[in-house]
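Novice: for reference, the sequence and a predicted model appear below.
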Amino acid sequence: LWGKWDNSVEVSDLSLTDYISKRGIFIPHTQGRWQKKRFKKSQMPIVERLVVSLMFHGRNNGKKLLALKHTKACFEIMGLVTDQNPVAVLVEAITKAGPREDSTRIGSAGVVRRQSVDVSPLRRVDQAISLITTGAREASFRTIKSFPECLADEIMNAAKGSSNSYAIKKKDEIERVAKTNR
C-alpha cells in the first residue's frame with residue numbers, strides 16, 4: 001500500500017474475515033464497480049472503503065484524490081505513533097467498532113415496538129467504517145487539528161477500544177438500546 005505497508009494482516013474476529021478484504025493494491029483507487037452485484041463490495045479493499053466513506057457531505061462529494069491524500073497522511077501518523085502496520089490498526093478498529101446487536105422496529109396494526117436483532121458481519125463492517133469517519137469529521141470541525149490527525153486519533157482510539165472514540169461510544173449506545181429491547 002503506497003509502497004510502504006503490507007496488506008497481509010490478520011483479522012481477529014472470525015466472523016468478519018470474509019468481509020474485510022486485504023487485496024494487495026498500491027493505491028486504494030481501483031475504479032471498480034463494486035455496486036453492480038449483491039455483496040460484491042465485500043471484495044473491495046478495506047482501505048479503499050475507508051477512502052470512499054470519507055467522500056460524504058456535499059462539499060467532499062467526488063473528491064477521491066483529496067480523500068486519498070488524507071488517508072495516506074493518516075496512515076503516516078498512525079505508523080509513527082503506534083510503530084505498527086496502519087492497515088492492521090485499521091482492521092482492529094473496524095472489528096472493535098462494529099456493533100454486534102441492534103434493534104429494529106416491528107409494527108403491526110399501528111403498534112410499533114422495537115425488537116433486538118443480531119447484526120450481519122457486512123453491516124458491522126459498514127457501520128464501523130461509517131462511525132469512524134463520522135467521528136473524525138466531527139472532531140476536526142472548528143479545531144486547529146487537521147483532518148488526517150483527527151482520523152488517525154479516531155482509528156487508534158477505536159483500535160484500543162477506548163471510550164474517547166466516537167465509534168466506540170456509538171457502538172456501546174446501540175448495543176445498550178438493543179439490550180433493553182430484548
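Specialist: Yep, it's here. Residues are numbered from 1 along each chain as shown.

Novice: give the contact list for Arg123.
Specialist: Contacts for Arg123 (CB atoms under 8 Å, 6 or more residues apart in numbering) come out as Gly98. All C-beta spots, glycine's among them, are computed from the backbone N, C-alpha and C.

Novice: using PDB, write down the CA coordinates of the helix or strand containing it.
Specialist: In this assignment (DSSP states H and E), Arg123 forms part of helix 121-140. In PDB, the C-alpha atoms belonging to helix 121-140 read as follows (Å, rounded to 0.1, in the frame of the first residue of the first chain):
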ATOM      1  CA  PRO A 121     -21.000  -9.200   9.500                       C
ATOM      2  CA  LEU A 122     -21.200  -7.000   6.400                       C
ATOM      3  CA  ARG A 123     -23.400  -4.400   8.200                       C
ATOM      4  CA  ARG A 124     -21.000  -4.500  11.100                       C
ATOM      5  CA  VAL A 125     -18.100  -3.500   8.800                       C
ATOM      6  CA  ASP A 126     -20.200  -0.900   7.000                       C
ATOM      7  CA  GLN A 127     -21.400   0.700  10.300                       C
ATOM      8  CA  ALA A 128     -17.900   0.600  11.800                       C
ATOM      9  CA  ILE A 129     -16.300   2.500   8.900                       C
ATOM     10  CA  SER A 130     -19.200   4.900   8.900                       C
ATOM     11  CA  LEU A 131     -18.900   5.600  12.600                       C
ATOM     12  CA  ILE A 132     -15.100   6.100  12.400                       C
ATOM     13  CA  THR A 133     -15.300   8.600   9.600                       C
ATOM     14  CA  THR A 134     -18.200  10.500  11.200                       C
ATOM     15  CA  GLY A 135     -16.300  10.700  14.400                       C
ATOM     16  CA  ALA A 136     -13.200  12.000  12.700                       C
ATOM     17  CA  ARG A 137     -15.300  14.500  10.700                       C
ATOM     18  CA  GLU A 138     -16.900  15.900  13.800                       C
ATOM     19  CA  ALA A 139     -13.700  16.000  15.700                       C
ATOM     20  CA  SER A 140     -11.900  18.000  13.000                       C
END
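
Novice: in this protein, where is pLDDT below threshold?
Specialist: Within the chain, the segments meeting pLDDT under 70 span 1, 109.

Novice: tell me where it has helices.
Specialist: Assigned by DSSP state H, the chain shows helices spanning 46-54, 64-82, 86-97, 121-140, 147-160, 166-180.

Novice: can you give me how far the longest one is from the chain middle?
Specialist: Using CA atoms, centre = their mean, to the nearest Å, we find the averaged C-alpha position of helix 121-140 to lie 4 Å away from the chain's own average C-alpha position.

Novice: pull out the buried residues from that helix.
Specialist: 121, 124-137, 139-140 (16 or more other CB atoms under 10 Å).

Novice: about what we covered before: format the helices of the chain as JSON lines; extra columns: distance to Trp2.
Specialist: What follows is those, written out as JSON lines (distance: least, CB to CB, whole Å):
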{"stretch": "helix 46-54", "distance to Trp2": "9"}
{"stretch": "helix 64-82", "distance to Trp2": "6"}
{"stretch": "helix 86-97", "distance to Trp2": "10"}
{"stretch": "helix 121-140", "distance to Trp2": "19"}
{"stretch": "helix 147-160", "distance to Trp2": "14"}
{"stretch": "helix 166-180", "distance to Trp2": "24"}
